[in-house]
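Enquirer: Fold the stuff below for me.
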Amino acid sequence: MTTQLPSVAEVARRLPRASTAALVAGLAWALAAPAVAEQPFEDLVANLKSPTARTRQAAAQELGKSRRREAVAPLSALVRDPEVRVRLEVVKALRNLRDLSAVPALVTALQDGEPDIREEAIGTIVEIYAERERGGPIDKFLETFSDEYDRASVPPYTAVDPSVFRGLSGTLRDEKKGIRAESAYAIGILGGGSAVPALVSATQDPEADVRGAAATAIGKVGTAEDGKALVPLLADESATVRNRALSAIGVLRVREAGPALREMFEQHRRRDLGTRVLASLSRIGDPAQADLFRELLSSSDPEHRRLAVEGLGRVADPSTLPAFKKDYQREKNADVQLAYNFAIVSLGDRAFLDAIVLALGSSGARARRARDYVLELGLPIAPDLYPYLNDRDPEVRGALCDVLAQLGDAGATPRLSPLLADPNSRVADRANRAIEKLRRAGGGAAPSP
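Expert: Here you go, the predicted model:
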């Protein structure tokens, strides 16, 4: 049996009078309105020259969605448009297109008179070069991304245009403190060593957020010599600035900071700050602090013991090796044991690498620490990692793919290729990404995380 649908007139009769009028008007509009069609690419480009600002803005938005590289040039021509809303939409469109040919226009946007446009340009430049998409506010994205890695974060096959760092050095002096801080983070993320003098000047900024961001950036792109400028920040009134300076000094291994750090540790030995200071001292690996590290080997605080072991490992005194092996066997704390493994391998006994590699398959802080140990041991350790690509734990196999790519090990590609057929799809995907990164890098060294 076929059911006949009611006609429009019947539906209208069943509705209240007001609803009937609305329905009739809606139907009349629908019948009269032409079908909405997507505008051709050529028309969108033409609309960028429209005398109507709203039309230019809408065209820029749609061209950003087009994902067509040829849209970059016509969009870039509008980076000096007289209307703020158009210029902002242009920068957002260039962000969506994610093409390096947009960089000159974005550098120009760094000088825009509108703060929102300058900020958007900073975030977009970082996203394009670092191949990382932000999921929230620009300031949080840059700060969080900056904190994830000790050194610069651009892929090894990417060269950042020098004009970017000249532009970001300019925005380090921006009237808006947030933009100054974001500029510092961006310089660090992108590896702007040429901008270190500007970053050093920024450590004197009246705003704590800017001083802290500058300290972090110097830690990423500077040298131990540059790091001397961070020592005065150890006495900064802001705890955040002090902590960022501590971290950067440790990364750069600024030995000249040793006496100040030692005094700071003694003053705060039983507080959280004391542990952070010890972490910085430990990373420096200053032989002048070896007596402190030896003293702390018997500390009741496992975190102090761990950092003392790491510090002595970095001091690299071979005479400590026999005692280390004995103390390792007596240590009950798993994190401190792992530190002993790192220190003993650092001193030349690679048989102790096994526990570090297997810890890559764990989760959370332990896995991150194991990864950091392997990366610090560096490229010479890579051949010792190859046998573990056959480990029965897929997490170990997958983590090694990532680590070998980060090490920039040119010899790893043929070792990684069999994992493209790994029964675990996640391992196969990680092997594929690692091989691609090494291919792009041409076997060059990758940035340390």
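
Enquirer: contacting residues around the residue most central in space within the chain?
Expert: Residue closest to the mean C-alpha point of the chain, counted by C-alpha atoms, centre = their mean, is Phe145 at 3.4 Å. Counting by C-beta atoms under 8 Å, 6 or more residues apart in numbering, Phe145 makes contact with 126, 130, 132, 134, 153, 185, 189. Where you see a C-beta, it was placed from the backbone N, CA and C, and this is true even at glycine.

Enquirer: Give the helix, strand or coil label for it.
Expert: Three-state call for Phe145 (DSSP: H, G, I helix; E, B strand; the rest coil): helix.

Enquirer: cool, and Ala428?
Expert: Going by three-state DSSP: Ala428 is helix.

Enquirer: What's the first helix or strand after the lowest-mean-pLDDT helix or strand in the chain?
Expert: Among the helices and strands of the chain, helix 17-32 carries the lowest confidence by mean pLDDT, DSSP states H and E, at a mean of 44. Once helix 17-32 ends, the next helix or strand along the chain (criterion: DSSP states H and E) is helix 41-47.

Enquirer: What helices and strands are in contact with the helix or strand just after that following helix?
Expert: On the C-terminal side of helix 41-47, the closest following helix or strand by DSSP H and E is helix 53-66. In terms of contacts (3 or more C-beta pairs under 8 Å, 6 or more residues apart in numbering; DSSP states H and E), helix 53-66 is packed against helix 41-47, helix 72-76, helix 84-97.

Enquirer: now the ones you listed as a markdown table including mean pLDDT?
Expert: Output for the helices and strands packed on helix 53-66, formatted as a markdown table (pLDDT from 0 to 100):
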| stretch | mean pLDDT |
| --- | --- |
| helix 41-47 | 95 |
| helix 72-76 | 97 |
| helix 84-97 | 97 |
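
Enquirer: Could you single out the most deeply buried of those helices?
Expert: Among the helices and strands packed on helix 53-66, the stretch with the highest mean neighbour count (mean count of other C-beta atoms under 10 Å) is helix 84-97, at a mean of 22.

Enquirer: How about residues contacting it?
Expert: Counting by C-beta under 8 Å, 6+ apart, 53, 56-57, 60-61, 63-69, 71-72, 75-76, 78-81, 102, 105-106, 109, 112, 114, 116-117, 120-121, 123-124, 127-128 sit against helix 84-97.

Enquirer: Contacts only, for the closest residue to Arg69 other than its chain neighbours.
Expert: Closest residue in space to Arg69, ignoring its immediate chain neighbours: Asp99 at 5.3 Å, by C-beta to C-beta, 6 or more residues apart in numbering. Going by C-beta under 8 Å, 6+ apart, Asp99 touches 69, 72, 128.

Enquirer: Kindly recompute the last result at 10 Å.
Expert: The contact partners of Asp99, by C-beta atoms under 10 Å, 6 or more residues apart in numbering, come to 67-72, 128.

Enquirer: re earlier: state the distance from the residue nearest to the centre of the chain to Glu127.
Expert: From Phe145 across to Glu127, the span is 10 Å (C-beta to C-beta, to the nearest Å).

Enquirer: List the buried residues of stretch 314-325.
Expert: 314-315, 320-321, 324 (16 or more other C-beta atoms under 10 Å).

Enquirer: Of all pairs in those residues, which one is the farthest apart?
Expert: Arg314 and Leu321 (13.9 Å; C-beta to C-beta).

Enquirer: Now for these two: what residues contact both?
Expert: Joint contacts of Arg314 and Leu321 (C-beta under 10 Å, 6+ apart) are 343, 346.

Enquirer: which sections of the chain are below the confidence cut-off?
Expert: The chain contains residues with pLDDT under 70 at 1-37, 443-449.

Enquirer: domains of it?
Expert: 285-348, 352-449 (automatic domain parsing).

Enquirer: Would you mind giving these as TSV with distance to Leu48 added?
Expert: Output for the domains of the chain, formatted as TSV (distance: least, C-beta to C-beta, whole Å):
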stretch	distance to Leu48
domain 285-348	57
domain 352-449	33
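
Enquirer: out of the ones you listed, which comes closest to Asp226?
Expert: That would be domain 352-449 among those, by C-beta to C-beta, at 16.6 Å.

Enquirer: how far does that closest one sit from the chain's center?
Expert: Centroid separation for domain 352-449 versus its chain: 19 Å, with C-alpha atoms, centre = their mean, to the nearest Å.

Enquirer: just use 21 as the starting number from now, easier for me
Expert: OK, 21 is where the count begins now, so the last one is domain 372-469.

Enquirer: Could you find the closest non-adjacent residue to Ala201?
Expert: Nearest to Ala201 is Ala233, by C-beta to C-beta, 6+ apart, at 4.2 Å.

Enquirer: what residues are up against that neighbour?
Expert: 159, 162-163, 166, 192, 197-198, 200-208, 219, 222-223, 225, 227, 260-261, 264.

Enquirer: The residue lying closest to Ala113 once chain neighbours are set aside: neighbour count?
Expert: Distances taken as C-beta to C-beta, 6+ apart place Gly84 nearest to Ala113, at 2.9 Å, with adjacent residues excluded. Counted with other C-beta atoms under 10 Å, the neighbours of Gly84 add up to 21.

Enquirer: from what I can see Leu405 touches Asp422, true?
Expert: No - because the distance of 11.5 Å does not satisfy C-beta atoms under 10 Å, Leu405 is recorded as not touching Asp422.
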